[in-house]
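Attaching a predicted model along with its sequence, questions to come.
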Amino acid sequence: MSATFPITVESSVCGTQPAWARVTQEPSLERRSALLALCRERLARENAVLVAHYYVHPDLQDLALDTGGCVSDSLEMARFGRDHPARTLVVAGVRFMGETAKMLSMDKRVLMPELDATCSLDIGCPAEAFTAWCDAHPDRTAVVYANTSAAVKARADWVVTSSCAVDIVRHLNARGEKILWAPDRHLGSYIQRETGADMLLWQGSCIVHDEFKALELELLKREHPEAKVLVHPESPASVIALADAVGSTSQILQAAREMPASTYIVATDNGMFHALRQQNPGKLFLEAPTAGNSATCKSCAHCPWMAMNGLEGLAHTLQTGSGEIFLDADLAAHARRSVARMLDFTAAQKRAMSAPGALVPGLGAA
Ligand code: SF4
């Protein structure tokens, strides 16, 4: 059974205007070189490591890799930050990523180039409304996407990312647990279809992935019949139905590396194309359409909040120590418990997969 939870108009509204107004300008070539040199020097001097998401500017992704940091999805960002010995983590992404890094590393300083970089899923799931929803369904296990505030994570039983959500809900369903899912309705409905779990769905959405259009995608497929379609599960079901592979950012990258096709149509934030092209020279990547024939722009798939991260902001943060994340210790402890369940689950799953035939408690056969 699946059902939905109608959230109020107020709680689902998210204004992007302030974010667009603060998208960084491209620096001149000279300024860019100077900023890169400054950031490298400051990262070393501050014993800091840069942890970047695949959706941020290519300059930040390259700098992270060149200086011993990482570029990854939100699950790996959380793990990397927790396990790295640096005393300062600089998180280039959106607010919930910095908060997750902080709750896993309360003894470290966590800085973000842009503290106002948020997420429509986080905005659309306020902690008070989510808590009331949980209180109204005490018989259900609350599973939330990582794209939520620390307060929502603290109220949830489990936190998941798109790379492990299906496996974790399948695991809970096998234990007979009924699920409350928040906040992304498309990802929730995809998980429900994949697992058959009994789920009530919050009605949030990602303003980027929600825009992909199935009809336009079909037309593009006709123009490129040889192309494989890679889709992030925050996209509408009609778009997912056209996919050759569905997965998180890291799973999309893996599919592009492993599939033999030479052309791919990709339905996720276009920040991903940097890593896709770097890792697959010779393969062609096309953006899935977010608009119809009459539109002047065929794809505007870029998160305005991810786009707020730039070299100027990073340099400023490293020079001044601005953009620090602070979390209440009690709140962080509660939120950490839900995140730790996910990290423990995925670590056990990894161990199980590297030991063929082994049985993992609660997971079944590897
Ligand atoms: S791309 Fe969507 S899910 Fe990701 S941070 Fe932006 S609004 Fe949130």
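Thanks, I have the structure now. Numbers count the residues shown, from 1 in each chain.

Would you mind naming what in the stretch 51-200 of the chain lies close to the ligand?
55, 94, 119-121, 147 (Cβ under 6 Å from any ligand atom). In this view, the C-beta of every residue, glycine as well, is placed from N, C-alpha and C.

Looking at those residues, which is nearest the ligand?
Set against the ligand, the nearest of these by Cβ to the nearest ligand atom is C119 (3.1 Å).

Strands of the stretch 1-150 of the chain, residue ranges please.
Secondary structure of the stretch 1-150 of the chain (DSSP state E, counting those that start in this stretch): strands at 2-5, 48-53, 70-72, 88-92, 109-111, 141-145.

export those strands to JSON lines and tack on mean neighbour count and mean pLDDT?
Output for these, formatted as JSON lines (neighbours: other Cβ atoms under 10 Å; pLDDT from 0 to 100):
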{"stretch": "strand 2-5", "mean neighbour count": "14", "mean pLDDT": "48"}
{"stretch": "strand 48-53", "mean neighbour count": "26", "mean pLDDT": "97"}
{"stretch": "strand 70-72", "mean neighbour count": "22", "mean pLDDT": "95"}
{"stretch": "strand 88-92", "mean neighbour count": "28", "mean pLDDT": "97"}
{"stretch": "strand 109-111", "mean neighbour count": "23", "mean pLDDT": "97"}
{"stretch": "strand 141-145", "mean neighbour count": "25", "mean pLDDT": "98"}
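
Does R193 lie in a helix or a strand, and which?
helix 185-195 (DSSP states H and E).

Name every strand pairing with the helix or strand just after that helix and say which way it goes.
Following helix 185-195 in sequence order, the next helix or strand is strand 199-202 (DSSP H and E). Next to strand 199-202 in the sheet, as set by DSSP bridges, lie strand 2-5 (parallel), strand 179-182 (parallel).

Excluding sequence neighbours, find me the nearest residue to C70.
F80 (4.5 Å; Cβ to Cβ, 6 or more residues apart in numbering).

Which pLDDT does the model give that neighbour?
Looking at F80, its pLDDT stands at 95.

ok, how many other residues are close to it?
Using other Cβ atoms under 10 Å, F80 has 18 neighbouring residues.

Could I get the buried residue list for stretch 41-49?
42-43, 46, 48-49 (16 or more other Cβ atoms under 10 Å).

so where do the helices sit in the stretch 101-250 of the chain?
120-123, 127-136, 150-155, 165-174, 185-195, 214-223, 237-240, 249-258 (DSSP state H, counting those that start in this stretch).

Reformat the ones you listed into TSV and put mean neighbour count next to each item.
As requested, those are exported to TSV (neighbours: other Cβ atoms under 10 Å):
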stretch	mean neighbour count
helix 120-123	24
helix 127-136	16
helix 150-155	24
helix 165-174	20
helix 185-195	22
helix 214-223	15
helix 237-240	19
helix 249-258	18
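
okay if I get those as JSON lines plus distance to S354?
Shown next, in JSON lines, are the helices of the stretch 101-250 of the chain (distance: least, Cβ to Cβ, whole Å):
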{"stretch": "helix 120-123", "distance to S354": "32"}
{"stretch": "helix 127-136", "distance to S354": "36"}
{"stretch": "helix 150-155", "distance to S354": "29"}
{"stretch": "helix 165-174", "distance to S354": "16"}
{"stretch": "helix 185-195", "distance to S354": "24"}
{"stretch": "helix 214-223", "distance to S354": "36"}
{"stretch": "helix 237-240", "distance to S354": "30"}
{"stretch": "helix 249-258", "distance to S354": "16"}
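
Could you dump those into CSV with distance to G69 and mean pLDDT added?
Below are the helices of the stretch 101-250 of the chain laid out as CSV (distance: least, Cβ to Cβ, whole Å; pLDDT from 0 to 100):
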stretch, distance to G69, mean pLDDT
helix 120-123, 23, 96
helix 127-136, 30, 98
helix 150-155, 23, 98
helix 165-174, 25, 97
helix 185-195, 27, 97
helix 214-223, 34, 96
helix 237-240, 32, 97
helix 249-258, 16, 95
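
Return the residues in contact with the closest residue to the ligand within the stretch 151-300 of the chain.
Closest contact between the stretch 151-300 of the chain and the ligand, by Cβ to the nearest ligand atom, is at C206 (3.2 Å). With contact set as Cβ atoms under 8 Å, 6 or more residues apart in numbering, C206 has these partners: 119-121, 147, 184, 186, 234, 303.

Out of those, which comes closest to A214?
Set against A214, the nearest of the contacts of C206 by Cβ to Cβ is H186 (12.3 Å).

Report the contact partners of that closest one.
By Cβ under 8 Å, 6+ apart, the neighbours of H186 are 205-206, 209-210, 233-237, 240.

Name the member of these with the most neighbours.
Going by other Cβ under 10 Å, S235 tops the contacts of H186 with 30 neighbours.

Model confidence for that one, exactly?
97.

roughly how far apart are it and F273?
Using Cβ to Cβ, to the nearest Å, we find S235 at a distance of 16 Å from F273.

Show me what from the stretch 201-350 of the chain comes close to the ligand.
Residues of the stretch 201-350 of the chain lying near the ligand (Cβ under 6 Å from any ligand atom): 206-208, 269, 303, 305-306.

can we see that at 8 Å?
With Cβ under 8 Å from any ligand atom as the criterion, the stretch 201-350 of the chain meets the ligand at residues 206-209, 234, 269, 303-306.
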